[in-house]
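Visitor: Here's my sequence, what's the structure:
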Amino acid sequence: MDVVTERALKNRFGALPWTTPRTVVSGNLGTPRRLVELFDAAVDRYRLFALNAQNGIPDRDGVIHETPFVGPGMRGSTAIDYLPMRLSLVPRLFEHARPPDVVLLHTSIVRHGRVSLGAEVNILPAAVEAVRARGGLVVAQLNRSMPYTYGDGELDTDAIDLAFEFDEALPSPARMPIDDLRLEIGRGVATLIERGATIQVGIGDIPDAVLSSLSELRGVGVWSEVIGDGVLDLEHHGVLDPARPIVSTFLFGSEALYAWADRNPRVRVLRTETVNDPARIARHPALCSINTAMQVDLHAQANASFTRGQIYSGLGGQPDFVVGALHSLNGHAIIALASWHDKTDTSTIVPRLTEPTTTFQHSAIVTEHGQALLFGRSERAQARLLIEEVAHPRARDELWEAIGARR
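Guide: Next comes the predicted model:
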């Protein structure tokens, strides 16, 4: 690894041999913003591949967005190639279908001849391996604010061609207060999680409400695509099993979360194809996969990706964890959501999805009204449970009519 100046980097970028280099960039909250600025200023046209890209990424003529999971920085982009794919399979893209030419990383400073990808690991080890195999370029922004996390994100410095030093604070989205409706959903989910279970949970108000309802449990493990401040709260409350590592593929949260993860042997940040592998997920007894959706229909299909015919996010890891949880001994694949969309004034439980399906065959659907325990039920019985137990009362008559039945 050669540590160089910004001027030297721009010169190297300007001399790249590809007319439209495919450039994989750390996504989520780990994007190396200064490094991306330098690249964008030096390269007229390129393909930008990032997961859940946040606001502020380049969005101009000449930049083509590629992603299997659309974040706010690409949402609504007119130059986007959305790749419908479960996250466990994304690393395979780099082998043949979408080989990268450049990888831009955001890492810790060097410690004992290594750097860490810190808060953002997921697909990046596979991207680095693929680009090195084909003679591409790996560049790192070394940042003192990036936590040094253990696991698959630890890279020998000789895996990186060029680096430069630039410190910047990682983004830390403000946590929103949890309202009574979300708390009720969280309590409903919590009753399905047993002592000693392993949980997968996302980020947002409903996941936070679920985690806040688990404070009385003990011996809980975490095997999750992402960990946020709700998991840190569980650690502080003594909920998590101290003998089990806390496993994720990326971190998404506050400065306190990053400080806790820094050189913490309890936290293992691993690559996506390991954490999201349904077979590995299924090995954890009582694995509870807790996800949310925009809509669930009476066939128990969930849409978590599209709104009004437009891609909003993507398949993500939800299909991986739903399948893994269903094959886990005493596992649960749970979809938790509010029963009513306040902004659109519509029910989230609908007769039939009109948007693409993200996942199906869940074991339970939970709203503020109750639980629909679906596993092993007939299709008609599932529909009745969804109407009776979780749909909003304002929607029930229409839903009964949709299945040709009356209460």
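Visitor: rest of the way, CA atoms for contacts and neighbours
Guide: Will do.
Visitor: what residues are up against G71?
Guide: Residues counted as contacts of G71 (C-alpha atoms under 8 Å, 6 or more residues apart in numbering) are 28, 51-54, 312-313.
Visitor: Just list the residues touching P147, thanks.
Guide: 108, 116, 118-119, 258-259, 261-263.
Visitor: With P356 instead?
Guide: Per C-alpha under 8 Å, 6+ apart, neighbours of P356: 303, 305-306.
Visitor: Which secondary structure state is assigned to it?
Guide: coil (DSSP: H, G, I helix; E, B strand; the rest coil).
Visitor: For it, give its distance to H112.
Guide: Per C-alpha to C-alpha, to the nearest Å, P356 is found 48 Å from H112.
Visitor: for the contacts of P356, which one is nearest T5?
Guide: Nearest to T5 among those, counting by C-alpha to C-alpha, is S305 at 41.1 Å.
Visitor: how much space between the closest one and I206?
Guide: 17 Å.
Visitor: So which residues of this structure form helices?
Guide: 6-14, 33-42, 90-93, 124-133, 180-190, 205-212, 229-236, 255-261, 272-275, 278-282, 318-326, 379-385, 393-402 (DSSP state H).
Visitor: how about the last one: buried residues?
Guide: Along helix 393-402, the positions that meet the burial threshold by neighbour count (16 or more other C-alpha atoms under 10 Å) are 395-396, 399-400.
Visitor: Just put the residues you listed in a markdown table and tack on distance to R175 and pLDDT.
Guide: Putting the buried residues of helix 393-402 into a markdown table (distance: C-alpha to C-alpha, whole Å; pLDDT from 0 to 100) gives the following:
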| residue | distance to R175 | pLDDT |
| --- | --- | --- |
| A395 | 31 | 97 |
| R396 | 33 | 97 |
| L399 | 35 | 97 |
| W400 | 38 | 96 |
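Visitor: Next one: H106 from R308, what distance?
Guide: 35 Å.
Visitor: ugh, wrong one, R144
Guide: Distance from R144 to R308, by C-alpha to C-alpha: 42 Å.
Visitor: Ok, V115 next?
Guide: Computed as C-alpha to C-alpha, the V115 to R308 distance reads 43 Å.
Visitor: Looking only at neighbour counts, state which of the two leads.
Guide: Per other C-alpha atoms under 10 Å, whichever of V115 and R308 has more neighbours is V115, with 25 against 8.
Visitor: who does that one bridge with?
Guide: V115 has these beta-bridge partners by DSSP bridges: L155.
Visitor: ok, now which ones touch it?
Guide: 107-109, 148, 154-157.
Visitor: one more time with 6 Å, if that's ok
Guide: V115 sits next to 108-109, 154-155 when contact means C-alpha atoms under 6 Å, 6 or more residues apart in numbering.
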